[in-house]
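[1] pasted the sequence and its predicted model underneath.
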Amino acid sequence: MIGLPVAAVGLLPGHRCGVRKISHLFSHPFPASKPLYTVKITIGYTVNCVASYGDETMTIADRKAREKMYRRNDIINAAEKLFFAKGYDNVSMEDIAKEVELNRATLYLYFKNKETLYLAIVRRAALKLRDLTEGRLNKNEADIYEKVDALGYSLLYFAQFHADYFRAYRDFQMGRFDRLDIDPESEDLKELAELQKDYVALWFKVINDGKSFGIIKRDIDPRLAAVLMMTAFEGIAGMRPALKEEIESWGIDAGSFEWGDFRFFLYDLIGIKKFKQTW
């Protein structure tokens, strides 16, 4: 066995490594309670390392990629906590760096600016809304009436029980960040665009199926109906408090209006011939 510097194989500082000339197997000693940590190295013009810790095996590059992913998620979690507690405009990148215990230079390695970081949270919101909607649709797979109803229900549920995510999602939908400096190469931006496209397509498919089954008037354009319904439900879900107070002053319960009267009116508008109570 011959000794090699720890840095040569990326193991923990303060430990010795050894290599046998034939097998090139490095052994890294741990206390008896820990599994053996080994690194297999192939020496040539390039070095390819495989680390094994217990049952887990990965290349050094994979390990670094995983660590980068974990740190990125830590940053998003910290930013989400601050944005939701203080509001987007009241949080700086320096605040986020302190929260996640990183320096600002490291933070900027992961996110170009605050807008791009906020976009990662909007992406989380879009995923949450998609999962809620698909879950509701899957529960009501056999009934086209319930499928149509599930679209609006999921959006109202999302707004009520995931209010912070709804506000972030709606901010983006309303074009708040269109003119700001969002990194055009952001993977979050690309995925968010696909999520939005798929979400609109989901509304279109359900409404088009409703038309095919004859529960929606045949002269209704399902694309326009999908846009109308989606926009209307987003608007009612994000109703201003002052407007809710105005509705209450008419002797109408705002909650009942959101979850009942409003959708009956909307369904009649797009020509649903009959309606079953599903909520």
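    Right, received. Where do you want to start? In this text, all values refer to a predicted model and were calculated from it rather than measured experimentally.
[2] from here on, contacts and neighbour counts on C-alpha atoms
    OK.
[3] who's in contact with the helix or strand harbouring F265?
    Counting by DSSP states H and E, the secondary-structure element that holds F265 is helix 262-269. The set of residues external to helix 262-269 that reach it, using Cα atoms under 8 Å, 6 or more residues apart in numbering, is G152, M229.
[4] buried residues in it?
    Under the neighbour-count criterion of 16 or more other Cα atoms under 10 Å, helix 262-269 has R263, Y267 buried.
[5] convert the C-alpha atoms of that helix to CSV, please.
    Included here for helix 262-269 are C-alpha records, laid out as CSV according to Å, rounded to 0.1, in the frame of the first residue of the first chain:
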residue,chain,number,x,y,z
PHE,A,262,-70.7,32.3,-9.2
ARG,A,263,-70.0,29.0,-10.9
PHE,A,264,-73.6,28.3,-11.6
PHE,A,265,-73.7,31.6,-13.4
LEU,A,266,-70.5,30.8,-15.2
TYR,A,267,-71.6,27.3,-16.3
ASP,A,268,-74.9,28.7,-17.6
LEU,A,269,-72.9,31.3,-19.6
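[6] now that helix, how far from the centre of its chain.
    On the basis of Cα atoms, centre = their mean, to the nearest Å, the separation between the geometric centre of helix 262-269 and that of its chain is 30 Å.
[7] so, low pLDDT: which residues of the stretch 1-150 of the chain?
    The stretch 1-150 of the chain contains residues with pLDDT under 70 at 1-57, 140-142.
[8] redo that, cut-off 50
    Per-residue confidence of the stretch 1-150 of the chain (counting by pLDDT under 50) places the weak regions at 1-55.
[9] which parts of it are strands?
    Across the stretch 1-150 of the chain, reading from the start of the chain, the strands by DSSP state E, counting those that start in this stretch fall at 2-4, 17-19, 25-28, 37-42, 48-53, 56-59.
[10] now do the helix holding F265, average pLDDT.
    Taken as a whole, helix 262-269 has a mean pLDDT of 81.
[11] show me what counts as buried in stretch 217-228.
    Within stretch 217-228, the residues that qualify as buried are K217, P222, A225, A226, counting by 16+ other Cα under 10 Å.
[12] residues in contact with that stretch?
    V200, W203, F204, I207, N208, K211, I270, G271, I272, K273.
[13] and which of those is nearest N113?
    Of all those, N113 sits closest to V200, with 28.7 Å by Cα to Cα.
[14] now do the end-to-end distance for stretch 165-182.
    Distances were taken as Cα to Cα, to the nearest Å; on that basis the terminal residues of stretch 165-182 are 19 Å apart.
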